[in-house]
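Peer 1: Give me a model of this one.
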Amino acid sequence: MEFFDAPENQTGSILVSLERHMNRVGQMLGIQLGNSTGAIFTCILSVCFSFFGSWVLALLLLGMLPICGFLGLAVAACATRVDPENERAYAKAGKETAEAATAIRTVRALGAEEHTMEILNESLDVLAMMNALAEGAQNAAQAQSQHPERRMSTWGKLSSTAGADGHPWVNARYLGENYDQLPMPSEDNGTGKPSEAHWRSEWSAAELRDAADEHVMLSWTASNPVKALPVIERGEGVYLYDTHGKKYLDWTSQAVCVNLGHTVPDAVKQGINDQLDSLPYVYGGLGLAPVRAKLAKLLAEICPGDLNGFLFPSGGGEANEAAIRLARLYTRKHKIFTQYRSYHGSSASSLGATGDFRRKFAESGQNGFVKFFNPQPSGFSWGTTDASATARTLACLEDQILAEGPETVAAILVESIVGAGGVLVPPEGYMEGLRSLCDKYEILLICDEVMVGFGRTGNFFGFQHFEGVIPDIVTSAKGLTASFMPLSLVGVRQKIKDHFMTHPLGWGSTFHAHPVALACAYETVKYVLKENVLDNVKKLEPVMLEELERLVLRHDSVRQARGVGLFGCVDLQTPLGQTVQRLGEPSPPAVQKLRQAMFENGLFSLFRPPLLHCSPPLIINEEQLRDGFGRLSKALDTFDEMQNRDCGL
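Peer 2: Numbers count the residues shown, from 1 in each chain. This is a model prediction of the structure:
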């Protein structure tokens with residue numbers, strides 16, 4: 001009890017001094033913190049030392065100081081503004097904390113009970129951290145004063161308004177305590193002033209190549225190959241022309257999407273221009289552009305069955321993303337079955353649903369997707385006939401559904417005819433059996449028609465090749481606008497449309513149902529109907545199959561081929577009968593040579609070994625189609641020769 005026996009006037013005098021020092025520290029750091037923490041800290045000190053006459057009660061309340069101090073320091077570490085102009089204030093705050101610590105040590109020396117001594121010791125620890133904070137702020141302020149060129153090195157680039165220049169610390173406070181150490185970029189291209197080339201009507205080929213090499217990034221692959229890609233400056237019909245005037249036949253309709261070639265029909269251009277003049281944009285969730293109603297009605301009349309409700313996202317992956325969400329909301333189940341040999345898009349859920357090698361870019365953190373084998377697996381056969389293969393494939397799938405639990409499966413998502421995976425047409429009875437399994441276990445069937453929809457296979461949709469198969473949800477994109485503009489669709493059957501008339505759909509985007517893209521799609525679909533484009537596809541299908549067979553017979557490197565409509569693909573192999581390259585792996589020299597030979601022979605193609613697609617625009621004629629196969633055959637001659645040489649043959 002020595003502490004309580006100490007002369008009251010002596011202890012009171014020390015506490016008055018302590019109050020003064022601590023109040024000053026709180027006020028100073030409160031000013032520097034720039035938020036309510038300093039004010040709260042000061043109030044607590046004032047309550048402890050000003051409103052309680054008893055120094056004993058004040059010391060007990062001082063026990064709150066460590067907690068408040070720690071909270072204040074945590075905020076200070078994140079939010080302190082290091083301002084060179086306040087360097088003196090930081091130095092003075094450090095001096096005050098030192099004097100406050102001396103006052104506490106004096107009180108402690110007078111003696112106290114154990115718990116009171118603990119309070120005083122903790123208070124000293126807090127004061128030590130406060131002093132370190134003040135010293136750190138002072139040092140940072142000094143560093144900024146000595147290196148003004150580094151001050152605001154980051155935020156100065158992001159905020160250049162007069163207001164930001166006058167109050168730079170409003171932005172700087174969010175950068176953390178070490179932001180002043182960020183070096184300036186070694187090379188700064190962001191001058192804010194465009195070069196004069198942008199105001200010229202034409203750029204030279206060299207200028208375009210330099211701009212591409214320095215600033216363009218490729219999708220999916222590493223970007224270094226951009227240096228070898230031709231710069232295409234115009235297109236006409238089924239042909240493309242680069243900046244050097246070289247002419248290429250577009251052998252794969254780019255990404256199997258330029259269905260009407262590279263000359264936009266006059267009716268489509270007129271529809272786009274009229275829409276731009278009348279209503280270039282209205283948000284699809286607030287207003288209804290007339291062309292949206294027209295296109296939806298046209299699609300309902302074209303689509304078989306009761307596919308009557310339509311959404312209009314911007315791309316195929318986005319459409320599949322929306323379809324997956326709708327299926328889960330409608331069924332209140334979460335699992336989506338998808339095939340291994342499939343591609344459904346590059347967004348989070350659509351890539352998670354993808355089965356081919358690209359799924360590795362999105363598998364981390366994905367759940368709810370269950371993969372199953374296609375009826376055409378790459379490493380084994382389900383059977384020697386379509387009937388046996390179909391029966392075994394469907395039996396295996398049903399076992400998998402039962403193992404997962406039908407009550408957890410929302411939908412089975414498949415490409416009606418697998419596109420990027422190699423033009424895989426399901427065997428007879430497979431799609432019909434898939435429809436039956438979905439009906440049996442109350443699972444939705446989603447058909448991804450992004451690549452084959454709108455005529456690629458000779459029908460408007462790929463699922464129309466299969467008797468009685470109507471998906472619950474259908475998605476499509478590429479052919480909808482012939483890729484003149486970005487647009488896709490999600491079509492749903494009447495029962496699903498009715499459900500979402502009174503339940504939130506839970507999907508939307510800024511560019512959903514963009515009026516200009518809708519106008520493009522409306523006129524494109526009408527053009528396909530009016531010009532009988534599907535008849536041209538059906539007429540040329542025998543030519544496609546004949547030329548594919550010719551490649552198999554002529555070239556040892558062509559293992560097999562498949563085709564439907566104007567949608568074909570060949571599988572490449574080595575002289576030893578092995579695949580030339582697995583999907584997603586680096587290309588060997590012979591494959592790189594084949595790619596180069598195709599360009600040299602004037603063939604512009606999306607080539608993903610070991611698959612080589614043959615899918616020209618749907619407006620191609622027979623002469624152009626046979627010419628394309630002739631160019632491909634010449635490139636394959638080069639490929640055969642190099643492979644044989646590499647194998648010593």
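Peer 1: G305: which element?
Peer 2: Secondary structure assignment for G305, by DSSP states H and E: no helix or strand.
Peer 1: scratch that, L445 is what I was asking about
Peer 2: Using DSSP H and E, the element containing L445 is strand 444-448.
Peer 1: for A410, same thing?
Peer 2: According to DSSP H and E, A410 maps onto strand 409-415.
Peer 1: quick one, helices of the stretch 151-300 of the chain?
Peer 2: 155-158, 162-166, 169-172, 205-215, 253-256, 266-278, 290-302 (DSSP state H, counting those that start in this stretch).
Peer 1: Low-confidence ranges, the stretch 201-350 of the chain, go.
Peer 2: Residues of the stretch 201-350 of the chain that meet the criterion pLDDT under 70 lie in 220-227, 346, 348.
Peer 1: Do a quick rundown of the strands in it.
Peer 2: For the stretch 201-350 of the chain, the strands defined by DSSP state E, counting those that start in this stretch occupy 232-236, 239-242, 247-250, 307-311, 335-339.
Peer 1: any idea which of those strands is most buried?
Peer 2: Sort these by mean neighbour count, taking mean count of other CB atoms under 10 Å, and strand 335-339 sits at the top with a mean of 24. Any C-beta I mention is one placed from the backbone N, CA and C, and that applies to glycine too.
Peer 1: Please identify the pairing partners of it and their relative orientation?
Peer 2: Strand pairing for strand 335-339, determined by DSSP bridges: strand 369-372 (parallel), strand 409-415 (parallel).
Peer 1: Including mean pLDDT, could the ones you listed go into CSV?
Peer 2: Converted to CSV, these look like this (pLDDT from 0 to 100):
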stretch, mean pLDDT
strand 369-372, 93
strand 409-415, 98
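Peer 1: closest to A206 out of the ones you listed?
Peer 2: Smallest distance to A206 across the strands paired with strand 335-339 (CB to CB): 42.3 Å, for strand 409-415.
Peer 1: Contacts for that closest one, please.
Peer 2: Strand 409-415 is contacted by residues 320, 323-324, 327-328, 330-331, 333-339, 342-344, 353, 370, 401, 421, 434, 437-438, 441, 443-452, 462, 472-473 when judged by CB atoms under 8 Å, 6 or more residues apart in numbering.
Peer 1: Restrict those to the buried ones and give me that as a ChimeraX selection.
Peer 2: Buried subset of these, written as a ChimeraX selection, criterion 16 or more other CB atoms under 10 Å:
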select :320,323,324,327,328,330,331,333,335,336,337,338,339,342,343,344,353,370,401,421,434,437,438,443,444,445,446,447,448,449,450,451,452,462,472,473
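Peer 1: tell me which element the closest residue in space to E622 that isn't next to it in sequence falls in.
Peer 2: Once flanking residues are discounted, E622 sits nearest to V543: 5.6 Å by CB to CB, 6 or more residues apart in numbering. Using DSSP H and E, the secondary-structure element containing V543 is helix 533-554.
Peer 1: List the buried residues of whatever helix or strand comes next after that helix.
Peer 2: Downstream of helix 533-554, the next assigned helix or strand under DSSP H and E is strand 558-564. Within strand 558-564, the residues scored as buried using 16+ other CB under 10 Å are 558-559, 561-564.
Peer 1: Among those residues, find me the one that's closest to V537.
Peer 2: Using CB to CB, those come closest to V537 at V564, 9.6 Å.
Peer 1: which residues does that closest one bridge with?
Peer 2: With DSSP bridges as the rule, V564 is bridged to F567.
Peer 1: ok, it - contacts?
Peer 2: Per CB under 8 Å, 6+ apart, neighbours of V564: 417, 423, 425, 457-458, 465, 541.
Peer 1: so where do the helices sit in the stretch 351-500 of the chain?
Peer 2: 386-404, 430-440, 494-502.
Peer 1: Tell me which of these sits most buried.
Peer 2: Most buried of the helices of the stretch 351-500 of the chain, by mean neighbour count (mean count of other CB under 10 Å): helix 430-440, with a mean of 19.
Peer 1: low pLDDT regions in the chain?
Peer 2: Ranges of the chain meeting pLDDT under 70: 1-101, 103-191, 220-227, 346, 348, 355-366, 378-380, 584, 649.
Peer 1: Leaving out the residues flanking it, which one is nearest to L594?
Peer 2: Nearest non-adjacent residue to L594, counting by CB to CB, 6+ apart: F639, 4.1 Å away.
Peer 1: Could you do V450 as well?
Peer 2: Nearest to V450 is G316, by CB to CB, 6+ apart, at 3.5 Å.
Peer 1: rewinding a little: show me the one of the helices of the stretch 351-500 of the chain that comes nearest G508.
Peer 2: Here helix 494-502 is closest among those (CB to CB), at 12.2 Å.
Peer 1: Run through the neighbouring helices and strands of the closest one.
Peer 2: Identification of packing neighbours for helix 494-502 by 3 or more CB pairs under 8 Å, 6 or more residues apart in numbering; DSSP states H and E yields strand 307-311, helix 316-331.
Peer 1: re the thing from before, how about TSV for the helices of the stretch 151-300 of the chain, with mean neighbour count and distance to Y522 added?
Peer 2: Listed next are the helices of the stretch 151-300 of the chain as TSV, based on neighbours: other CB atoms under 10 Å; distance: least, CB to CB, whole Å:
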stretch	mean neighbour count	distance to Y522
helix 155-158	14	42
helix 162-166	10	46
helix 169-172	16	47
helix 205-215	13	34
helix 253-256	22	21
helix 266-278	15	6
helix 290-302	17	5
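Peer 1: nearest to T574, of these?
Peer 2: Closest approach to T574 among the helices of the stretch 151-300 of the chain (CB to CB): helix 253-256, 26.4 Å.
Peer 1: neighbours around T475, how many?
Peer 2: 31 (other CB atoms under 10 Å).
Peer 1: what's near enough to touch it?
Peer 2: For T475, the contact set (CB under 8 Å, 6+ apart) comprises 316, 319-320, 322-323, 446-450, 488-491.
Peer 1: Enumerate the beta-bridge partners assigned to it.
Peer 2: In beta-bridge terms (that is, DSSP bridges), T475 pairs with D448, V490.
Peer 1: Redo the strands paired with strand 335-339 as JSON lines? Include distance to S633.
Peer 2: Formatted as JSON lines, the strands paired with strand 335-339 follow (distance: least, CB to CB, whole Å):
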{"stretch": "strand 369-372", "distance to S633": "37"}
{"stretch": "strand 409-415", "distance to S633": "29"}
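Peer 1: ok, and what's touching stretch 516-528?
Peer 2: With contacts defined as CB under 8 Å, 6+ apart, stretch 516-528 is touched by 259-260, 265, 267-268, 270-272, 274-276, 280-281, 289, 291-292, 294-295, 298-299, 302, 312, 314, 454-455, 479-482, 484-487, 511, 533-534.
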